[in-house]
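S.K.: dropping a prediction and its sequence here:
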Amino acid sequence: MTAPGLPMTVPAEGLPARVRIHEVGARDGLQNEKTAVPTEVKAEFVRRLADAGLTTIEATSFVHPKWVPQLADAEQLFPRIADLPVDLPVLVPNERGLDRALALGARRVAVFASATESFAKANLNRTVDEALAMFEPVVSRAKAEGVHVRGYLSMCFGDPWEGPVPVPQVVRVCRALVDMGCDELSLGDTIGVATPGHVTALLTALNAADVPTPALGVHFHDTYGQALANTLAALRHGVTTVDASAGGLGGCPYAKSATGNLATEDLVWMLRGLGIDTGVDLGRLVATSVWMADRLGRPSPSRTVRALSHQEQ
């Protein structure tokens, strides 16, 4: 593989100086794989991501193996990577999941809510309010233990069953997550239908509801090729946390129209060109995604990975 090129740096006004990338490849990226990824491969993936300079790497999910069999090895994986000098958030769907995570020393956890009734039913078999009630003791206990809590909110822009999601509906659930104690929210465009104006409108409405921009992260899927445009809109609004998946891995097992996440390499390429610091070594990151693609037996969908490694589609 040839040494990666880098874009010309041309800063733009009104953008943050630094962005924290919340890397989700090891969890969100691998949960959809049809064949089991060995625990040792997952551990090596996380280690390589850390070596590339990523400081927040979502490691796994403490869900019941019946629901997400690809992440059934959480207890085996986490101790293999716990020594890394990075943040390793894990998903916890309920108090049992929190117990399992705390027992292994996890210090950052996330709950996974929905802005729509249809997805709450499909993903959690509960109404939106029932799901929030389930998360409340989880968040409360985590905070009592001094653990950082992220609140994921899916279907913030569109839902495959319900269509476009009204902004006030999203704001209501976000406000509930903040009120119960979440330190940070991740706004998910689960089926990739958002456009920049919609992103700005939601962020503005959240600020009006006293949800501060520093508490917000964005999680865009690239189904319609809008993820980078939507990210740039969020950056212009002041957002400094962006979720991305190495190599563009991932989707959502409960929303079949959800295609891959925003590729971390594509994000880093854009941010590098804008002069925004991420601390990520793009060459090492590309090499990591090529290595993982080889383990999965298919090329990476990331355009930047393909361009810099000369992979063929």
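M.R.: Sure, I can see it. All figures in this text were calculated on a predicted structure; none of them were measured in a lab. Residues are numbered from 1 along each chain as shown.
S.K.: average pLDDT across the longest helix along the chain?
M.R.: Assignment by DSSP state H gives helix 128-144 as the longest helix of the chain. The predicted model assigns helix 128-144 a mean pLDDT of 97.
S.K.: the stretch 201-313 of the chain: strands as residue ranges?
M.R.: For the stretch 201-313 of the chain, the strands defined by DSSP state E, counting those that start in this stretch cover 216-220, 241-244.
S.K.: out of these, nearest to A293?
M.R.: Evaluated over the strands of the stretch 201-313 of the chain, closeness to A293 peaks at strand 241-244, with 16.0 Å, by C-beta to C-beta. (Glycine included, C-beta is placed from N, CA and C.)
S.K.: by contact count, what packs against that closest one?
M.R.: Contact partners of strand 241-244 among helices and strands, from 3 or more C-beta pairs under 8 Å, 6 or more residues apart in numbering; DSSP states H and E: strand 20-23, strand 184-189, strand 216-220, helix 227-237, helix 264-273.
S.K.: contacts for it, please.
M.R.: Defining contact as C-beta atoms under 8 Å, 6 or more residues apart in numbering, one finds that strand 241-244 is touched by 19-24, 28, 184, 186, 216-220, 231, 234-235, 261-264, 266-267.
S.K.: do stretch 36-51 as well
M.R.: Contacts of stretch 36-51 (C-beta under 8 Å, 6+ apart): 23, 25-26, 30, 57, 59-60, 69-70, 73, 76-77, 80-81, 84-86, 88, 246, 284-285, 287-288, 291-292, 295-296.
S.K.: of the residues you listed, select the buried ones using a PyMOL command.
M.R.: Those of the contacts of stretch 36-51 that count as buried under 16 or more other C-beta atoms under 10 Å are selected in PyMOL with:
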select buried, resi 23+25+26+30+57+59+60+70+73+77+80+81+84+86+88+246+284+285+287+288+292+296
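S.K.: among the contacts of stretch 36-51, name the ones in helices.
M.R.: Short answer: these in helices (DSSP H) are 76-77, 80-81, 284-285, 287-288, 291-292, 295-296.
S.K.: and of the residues you listed, the nearest to D159?
M.R.: Each of those was scored against D159 by C-beta to C-beta, and L296 proved nearest at 28.8 Å.
S.K.: what about L249, how many residues nearby?
M.R.: 27 (other C-beta atoms under 10 Å).
S.K.: for it, give its distance to E130.
M.R.: 31 Å (C-beta to C-beta, to the nearest Å).
S.K.: got it, and V139?
M.R.: Counting by C-beta to C-beta, the gap from V139 to E130 is 15 Å.
S.K.: make sure A120 is actually in contact with S114.
M.R.: Yes - if you go by C-beta atoms under 8 Å, A120 and S114 touch, sitting 4.0 Å apart.
S.K.: what sits against W291?
M.R.: Residues in contact with W291 (C-beta under 8 Å, 6+ apart) are R48.
S.K.: let me see the confidence value for it.
M.R.: As predicted, W291 sits at a pLDDT of 97.
S.K.: swap in R298?
M.R.: According to the prediction, R298 has pLDDT 88.
S.K.: before we move on, back to that, could you point out the helix or strand that follows the longest helix of the chain?
M.R.: Proceeding N to C from helix 128-144, the next assigned helix or strand is strand 148-154, under DSSP states H and E.
S.K.: which elements pack onto that next one?
M.R.: Short answer (3+ C-beta pairs under 8 Å, 6+ apart): strand 148-154 packs on strand 108-114, helix 128-144, helix 167-179, strand 184-189.
S.K.: what residues does that strand touch?
M.R.: By C-beta under 8 Å, 6+ apart, the residues outside strand 148-154 that reach it are 89, 91, 107-115, 119, 123, 135, 139, 142-143, 170, 173-174, 177-178, 181-188, 190, 217, 219, 252, 255.
S.K.: now it: how far from the chain's centre is it?
M.R.: Mean-position distance between strand 148-154 and its chain equals 10 Å (C-alpha atoms, centre = their mean, to the nearest Å).
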